[in-house]
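Trainee: Give the three-dimensional model of this entry:
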Amino acid sequence: MNAPGALDETQTRIDLAAAIRLSCRYEWHEGVANHFSAAVSADGRKFLVNPRWVHWSRVRASDLVLCDADDPTTMDRADAPDPSAWSIHSALHRNLPQARVALHIHPPYVTALCGLEDPVIKPIDQVTARFFRRVAYDLDFGGIATEGEEGERIARTVGNHRTVVMQNHGVTTLGATVAEAWDALYHLERAAKTLVLAYSTGQPLKVMTDHMAEAVAEEWQVYKDAEFAHFAEMKRVLDREEPDYKD
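Mentor: Numbering: from 1, shown residues only. Below you'll find the predicted structure:
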């Protein structure tokens, strides 16, 4: 892979800003907290992250902060990111090759699952089945992740997965592109909503067999191009209604 040039960073900024604005529209964000990041170097260690404590409805491409995962002085900078953003995202970009993009957030339905004794996403429909055996579960919450070791622990828990559900905390999706990571986040929150609503009936869940769940999960690869189309369509909505996200 060649080192990305200025044009690549520009497009990455636009896409990451779009993901932030769209996540705000869906009310997945939490005040001025939570954080999305995307690598802009070949080794993945130089990455963009949303600025500290700026409301997601106002974030623009030019606002994103460029960080180096290997630079321990980052938190001494005037434009330092949120401490938990640095702890989690520097560790992800430093340690995980699949973490070109890392979207960490606390959406209501996934976070509700994170508060259960058993947060596992059961395959009860085709969206929940998308994540069958494809999620890491971090069951060792260590408080708000402001210390470096907490980020390193989370990175170890993720392993080679692209989604991690963090008990008592939230969720992180990883991807090679913003489009893939955001589409995964969208469907993960949909899956959690379906599961929480099913739980709320008090009736037993009709869980697919492992064989069926795996078959459905594999079928999602047939629709891989839809992940990019979904994000592209949502950016067109932003182009019409919130075009300043590109600034």
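Trainee: from here on, contacts and neighbour counts on C-alpha atoms
Mentor: Fine.
Trainee: which residue is nearest the middle of the protein?
Mentor: For the chain, L103 is the residue whose C-alpha lies nearest the centre (CA atoms, centre = their mean; 2.3 Å).
Trainee: so where do the strands sit in this structure?
Mentor: Using DSSP state E, the strands of the chain run over residues 35-39, 46-49, 65-68, 101-105, 136-138, 163-166, 170-175.
Trainee: Excluding residues flanking it in the chain, which one is nearest D63?
Mentor: Ranked by CA to CA, 6 or more residues apart in numbering and with sequence neighbours excluded, the top spatial neighbour of D63 is P51, at 6.4 Å.
Trainee: Please identify the deepest-packed of the strands of the chain.
Mentor: strand 35-39 (a mean of 28; mean count of other CA atoms under 10 Å).
Trainee: lowest average confidence, helix or strand, in this structure?
Mentor: For the chain, counting by mean pLDDT, DSSP states H and E, helix 148-158 ranks last in confidence among helices and strands (a mean of 85).
Trainee: could I have that one exported to CSV, CA atoms only?
Mentor: Provided in CSV are the C-alpha atoms of helix 148-158 (Å, rounded to 0.1, in the frame of the first residue of the first chain):
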residue,chain,number,x,y,z
GLY,A,148,-3.2,3.9,28.3
GLU,A,149,-3.5,0.4,29.7
GLU,A,150,-7.3,0.4,29.3
GLY,A,151,-6.9,1.1,25.6
GLU,A,152,-4.3,-1.6,25.3
ARG,A,153,-6.5,-4.1,27.1
ILE,A,154,-9.4,-3.2,24.7
ALA,A,155,-7.2,-3.7,21.7
ARG,A,156,-6.1,-7.1,23.0
THR,A,157,-9.8,-8.1,23.5
VAL,A,158,-10.7,-7.1,19.9
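Trainee: by how many degrees do it and strand 170-175 diverge?
Mentor: 60 degrees (axes from the mean of the first three to the mean of the last three CA atoms, to 10 degrees).
Trainee: Kind regards, and thank you for your time.
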